[in-house]
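1. Structure here, sequence nowhere to be found:
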């Protein structure tokens, strides 16, 4: 029988899996519409690959602990991301709003994996702790990259926005 701490760990892993599913949908939507920002597009494509692998790793942790991912949580995460993607169609600065959302989402992922590392360590699950620590470093790196690129992205957006006929938002 699992302890209360192990039950919490499993629930938080399910949340993390849903979060990665949401991130995958969100990133796919952003990538599909980016036209004028090749560096951002390339980095988001790299992070999408990381995100897919992270979802698999979290799923493996869930299965190893005798659980299953939450279909409801995964579906809800994808639905929220789909809505976020649609919202970009209605603003004239989609690339900026998308980057803000991505940075904010990375911070949530950083906090989630920090919790998971601590919970796994408290449960004596060194495998899950190591996996989550590795994912945490990847999320921190992505957040750092986004923060560093934000000023350049804003300048590029503002320059493109001055060119008639160019959709700077993407």
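-> Sure thing, it's come through. These numbers come from a predicted model, not from an experiment.

2. Grab the nearest non-local neighbour of the residue nearest to the spatial centre of the chain.
-> Among the residues of the chain, the one closest to the centroid is residue 23, at 3.8 Å (C-alpha atoms, centre = their mean). Nearest residue to residue 23, sequence neighbours excluded (C-beta to C-beta, 6 or more residues apart in numbering): residue 51, at 4.8 Å. Every residue, glycine included, has its C-beta placed from N, CA and C.

3. element containing the one you found, please.
-> Per DSSP states H and E, residue 51 falls inside helix 38-64.

4. looking just at contacts, which helices and strands does that helix meet?
-> helix 4-33, helix 94-122, helix 126-161 (3 or more C-beta pairs under 8 Å, 6 or more residues apart in numbering; DSSP states H and E).

5. which residues of this protein score low on pLDDT?
-> Along the chain, segments meeting pLDDT under 70 span 1, 70-91, 168-170.

6. hmm, 50 instead?
-> By pLDDT under 50, the low-scoring segments of the chain are 74, 78, 81-82, 86, 88.

7. now the helix holding residue 51, how far from the chain's geometric center?
-> 8 Å (C-alpha atoms, centre = their mean, to the nearest Å).

8. start at 21 instead
-> Fine by me, first position is 21 from now on; the one you just mentioned is helix 58-84.

9. need the helices and strands packed on helix 58-84 in a markdown table with distance to residue 87, can you?
-> Output for the helices and strands packed on helix 58-84, formatted as a markdown table (distance: least, C-beta to C-beta, whole Å):
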| stretch | distance to residue 87 |
| --- | --- |
| helix 24-53 | 5 |
| helix 114-142 | 14 |
| helix 146-181 | 12 |
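
10. wait, which of these is closest to residue 88?
-> Residue 88 lies closest to helix 24-53 among the helices and strands packed on helix 58-84, at 8.3 Å (C-beta to C-beta).

11. residues touching the residue nearest to residue 43, list them.
-> By C-beta atoms under 8 Å, 6 or more residues apart in numbering, the residues touching residue 71 are 40, 43, 44, 47.

12. what about 6 Å?
-> 40, 43, 44 (C-beta atoms under 6 Å, 6 or more residues apart in numbering).

13. contacting residues around the last one?
-> Listed by C-beta under 6 Å, 6+ apart, the contact partners of residue 44 are residue 71.

14. one more time with 8 Å
-> 68, 71, 72, 75, 101.

15. any idea how far it lies from residue 146?
-> From residue 44 over to residue 146 the distance is 27 Å, taken as C-beta to C-beta, to the nearest Å.

16. cool, and the second one?
-> Computed as C-beta to C-beta, the residue 43 to residue 146 distance reads 26 Å.
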